[in-house]
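Peer 1: sequence first, predicted model second:
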Amino acid sequence: MEALKLIAKGAEADLWLDPDWNGVRTMLKKRGKKGYRHPEIDREIRRQRTIHEAEIMHRAKASGVPTPIIYQVDPEGATIVMQFVEGARVRDIVDDLDAEARADLFRLIGVQSGRLHGGGIVHGDLTTSNMIRAGKAVVFIDFGLGEVSSDAEKRGVDLHLMRRMLTSTHFRHAEEFFAAFEDGYRSAMGDEAEEALCRMEEIERRGRYVERENGLDGDG
């Protein structure tokens, strides 16, 4: 049996590649112990967050959003065994696509984000780093900050994260990307889209106000 390979180390959980989990290539997401918490409290937090993330992923898939297949959930070991998705992170490929392909991709991402919100889920970290292009599909990953909510403010935060990330990471095409994203989001969300998008604008205005109050607007 081949050894596990550490793929990513996060603040809350580590990702391991298992090349042969019962004959299947998988990813293991394991929440590590936190020494600053009481052991019993720590165990329960990791247990509950593991169960919660698996439930969010299941609900997302039921809403029509591709997510990795979950093979096993081990609450006591704070581990989720899931499908290893073959593909590339959207973050790493999008700038190499032509204009039409970029528009199609972000329209699809917008549709899937709308389905997610329409299904009563907010992702919590809606960025191109947490999306994998697998063939013609876009698979959403890392629901560790996700929650069940239809709150317009929380939806607005999701959208704000997406637009802020585009501005900072994909600045050359940020407006183009978000326009296609918004088109897809509106098509999936219908009348509910407007409230979430308006809340996103409010969140951004509040952020700019705080920056000005703290002298961070770049004007001296």
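Peer 2: Nice, thanks for sending it over.
Peer 1: could you pull out the buried residues of stretch 170-186?
Peer 2: Applying a neighbour-count criterion of 16 or more other C-beta atoms under 10 Å, the buried positions in stretch 170-186 are His170, His173, Ala174, Phe177, Phe178, Ala180, Phe181, Glu182, Gly184, Tyr185, Arg186. Placement of C-beta: from N, CA and C, glycine included.
Peer 1: show the average pLDDT along it.
Peer 2: Averaged over stretch 170-186, pLDDT sits at 95.
Peer 1: check stretch 112-127 too.
Peer 2: In this model, stretch 112-127 has an average pLDDT of 98.
Peer 1: in this protein, which spans are strands?
Peer 2: 5-9, 13-21, 24-31, 70-74, 79-83, 88-89, 121-122, 131-134, 137-140, 147-148 (DSSP state E).
Peer 1: quick one: which of these is nearest Leu166?
Peer 2: Go through the strands of the chain one by one with C-beta to C-beta and the one that ends up closest to Leu166 is strand 131-134, at 12.3 Å.
Peer 1: which strands and helices sit next to that closest one?
Peer 2: Taking 3 or more C-beta pairs under 8 Å, 6 or more residues apart in numbering; DSSP states H and E as contact, the helices and strands that strand 131-134 lies on are strand 88-89, helix 90-93, strand 137-140.
Peer 1: show residues contacting the first one.
Peer 2: Going back to what we said before, that points to strand 88-89. Under the contact criterion C-beta atoms under 8 Å, 6 or more residues apart in numbering, strand 88-89 has outside partners Thr128, Ser129, Met131, Ile132, Arg133.
Peer 1: if we only consider these, which is nearest to Arg205?
Peer 2: Using C-beta to C-beta, those come closest to Arg205 at Thr128, 24.2 Å.
Peer 1: am I right that the closest one is in contact with Val94?
Peer 2: Yes. Counting by C-beta atoms under 8 Å, Thr128 does reach Val94; the two are 6.4 Å apart.
Peer 1: identify the contacts common to those two.
Peer 2: Residues touching both Thr128 and Val94 comprise His170, with contact defined as C-beta under 8 Å, 6+ apart.
Peer 1: now Val148, which residues is it bridged with?
Peer 2: Listed beta-bridge partners, Val148: Ile121 (assigned using DSSP bridges).
Peer 1: how far away is it from Glu55?
Peer 2: According to C-beta to C-beta, to the nearest Å, Val148 stands 8 Å off from Glu55.
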